[in-house]
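Engineer: Take this sequence and fold it.
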Amino acid sequence: QVQLVESGGGLVQAGGSLRLSCAASGRTFSTYAMGWFRQAPGKEREFVAAITWSRSTDYADSVKGRFTISRDNAKNMVYLQMNSLKPEDTAVYYCARDGTRFRTIVVVTASEYDYWGQGTQVTVSS
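Structural biologist: Predicted coordinates:
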């Protein structure tokens, strides 16, 4: 069983920054891609960013150039650095593990991810 625990959310003014962290359990962390998704009230969960086991990355168009995903396999951690935040970034952010080991491409579909954290709230005020 894999557990994912997010942290780092909060309230920030537009233009500000936040760094989300996701702590993962398990000894095979380094062999799976990890992703970040978000869900705003009344909206479907959407892909934000992901990083493969080989550190290839991909981002939603809405966050490209502002968000950066990274991972530290020694610590079983994945991070999402969010800069130049906008009110439309307000959402609950979820960390998730790709369900396929050693996948070499980023997948953006939530159904491809098998473990999810509980989420962390990010609120950006205007």
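
Engineer: okay, the residue nearest to Phe67 when sequence neighbours are not counted: pLDDT?
Structural biologist: Excluding the flanking residues, the one nearest Phe67 by CB to CB, 6 or more residues apart in numbering is Met82, at 5.1 Å. Heads up, the C-betas are built off the backbone N, CA and C, glycines and all. Note for Met82: predicted pLDDT of 98.

Engineer: Just to check, Met82 is in contact with Asp89?
Structural biologist: Yes. At 6.9 Å, Met82 and Asp89 qualify as touching, with contact defined as CB atoms under 8 Å.

Engineer: which neighbours do those two share?
Structural biologist: Listed as contacting both Met82 and Asp89 by CB atoms under 8 Å, 6 or more residues apart in numbering are Val63, Val122.

Engineer: between the two, which one's more packed in?
Structural biologist: Shown here are Met82 and Asp89; by other CB atoms under 10 Å, Met82 has more neighbours (26 against 22).

Engineer: Across the sheet, point out what pairs with the more buried one.
Structural biologist: Note on Met82: beta-bridge partners by DSSP bridges are Leu18, Phe67.

Engineer: could you list every residue that touches it?
Structural biologist: Ser17, Leu18, Arg19, Leu20, Val63, Arg66, Phe67, Asp89, Val122.

Engineer: isn't the second one right up against Leu11?
Structural biologist: Put plainly, it is Leu18. No. Judged on CB under 8 Å, Leu18 makes no contact with Leu11 at a distance of 9.4 Å.

Engineer: okay, the two: which has more neighbours?
Structural biologist: Between Leu18 and Leu11, counting by other CB under 10 Å, Leu18 is the more crowded of the two (21 against 12).

Engineer: how near is the more buried one to Ser30?
Structural biologist: According to CB to CB, to the nearest Å, Leu18 stands 25 Å off from Ser30.

Engineer: what does Gly15 give?
Structural biologist: Distance, Gly15 to Ser30, using CB to CB: 35 Å.
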